[in-house]
Each structure stands twice: as C-alpha cells, then as structure tokens.
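J.: build the 3D model from these lines:
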Amino acid sequence: MDSSSNQINVFDKASASGKKILKDNQFFRDFTSLMRNDEFKQFYNTYFKDWSDIQTMIFYMKLYTTIEDAYFAQYKEKITDDLITYTLHKIITTTEMRKMAVELFKNFKGEKLTIITPNKLTNFTDLIDFESSKKQLMIKN
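T.: Numbering: from 1, shown residues only. This next block holds a predicted model:
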C-alpha cells in the first residue's frame, strides 16, 4: 500500500468517526453548525480578537439573555430589537445598573462578589423599567 492510499484510509476512518460523533453528540452538531454560519463567523472574527474581547462579548450575551428572559416573564412576548438595544445601552451607561450587571456576571463566573450580596442579584431585573424605556423610545422616534 503506498503512502497516499494509507493517507486516504486514515482520512476515511477519521471521517467515519467524526460522522458517528456528530450523529451521537448534540453539542458537536450545534457547534459545527454555528461555526459554519457566515454571520456568526463574521461576528466572531470582528469581536472575539483577544481574551478581554471574549469576556466582554460573553458578558453582553449573558446580559442580553437576562433582559430577554425578564421581559418575557413580565409581558409573555419577545422583546423587540429596539427595546433590548436601548435597555442594554442604558444598563451599560448607568453606573449603578452597570455595577449590578458586572456583579451578576461575576456570580455567573463563580467569582467572589465585591459590591453586593448574592441575594440582591435576584432583584437585578427590578432595576430594569421596561415601561419607562418604551416611553423613552416612543419620544425618540
């Protein structure tokens, strides 16, 4: 058997093994699908350049889902892109809300909280006033 036949055989075995992993493992199916998504790849290449960027993006993603869940719990409908963007911006640019959001993220990462106690974190969503945010958006538009 020549070396190219041997390489093809190794490649075929690896492909068959990978196919079985994809069939049996939801994580790898989801992961490969996400990594092949052009929109995600562009986002990843733009915003995940170093560890600081990665932590910041994960922070935004966790904050986004927290807001999304809080809104759905309150109104039983999905939040609009306009309102979630406004709310994210408001949290990041308001000192007290930003501190609470950072503590929420620290708690998520399992780090020691330095500003507030863990039981106050459950009240984070109480700081988000969707009604006043909706009114502000109507005024601006």
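J.: using the three-state scheme, assign the residue positioned nearest the centre of the chain.
T.: Here the mean C-alpha position of the chain is nearest to the C-alpha of Met61 (Cα atoms, centre = their mean), at a distance of 2.7 Å. Here Met61 is helix, with the state taken from DSSP: H, G, I helix; E, B strand; the rest coil.
J.: any idea how far it is from Ser5?
T.: 47 Å (Cβ to Cβ, to the nearest Å). Using the backbone N, CA and C atoms, a C-beta is placed for each residue, glycine as well.
J.: then Glu131?
T.: 70 Å.
J.: what does Lys20 give?
T.: In terms of Cβ to Cβ, Lys20 sits 23 Å off from Ser5.
J.: what do you get for Phe28?
T.: Counting by Cβ to Cβ, the gap from Phe28 to Ser5 is 29 Å.
J.: with neighbour numbers in mind, choose between those two.
T.: Phe28 (13 against 9; other Cβ atoms under 10 Å).
J.: which residues touch the more buried one?
T.: Ile21, Leu22 (Cβ atoms under 8 Å, 6 or more residues apart in numbering).
J.: does it count as helix, strand or coil?
T.: Phe28 - assigned by three-state DSSP - is helix.
J.: all strands for the protein, in order.
T.: Per DSSP state E, the chain carries no strands over any range.
J.: domain map for it?
T.: Taking automatic domain parsing as the criterion, the chain consists of the domains 3-36, 49-140.
J.: just name the most buried of these.
T.: Across the domains of the chain, averaging neighbours per residue (mean count of other Cβ atoms under 10 Å) puts domain 49-140 on top, at a mean of 14.
J.: if you average pLDDT over that domain, what comes out?
T.: For domain 49-140, mean pLDDT is 81.
J.: quick one: distance of that domain to the chain centre.
T.: 12 Å (Cα atoms, centre = their mean, to the nearest Å).
J.: show me where this structure has its helices.
T.: 3-24, 26-36, 38-47, 51-75, 81-93, 95-109, 118-121, 130-140 (DSSP state H).
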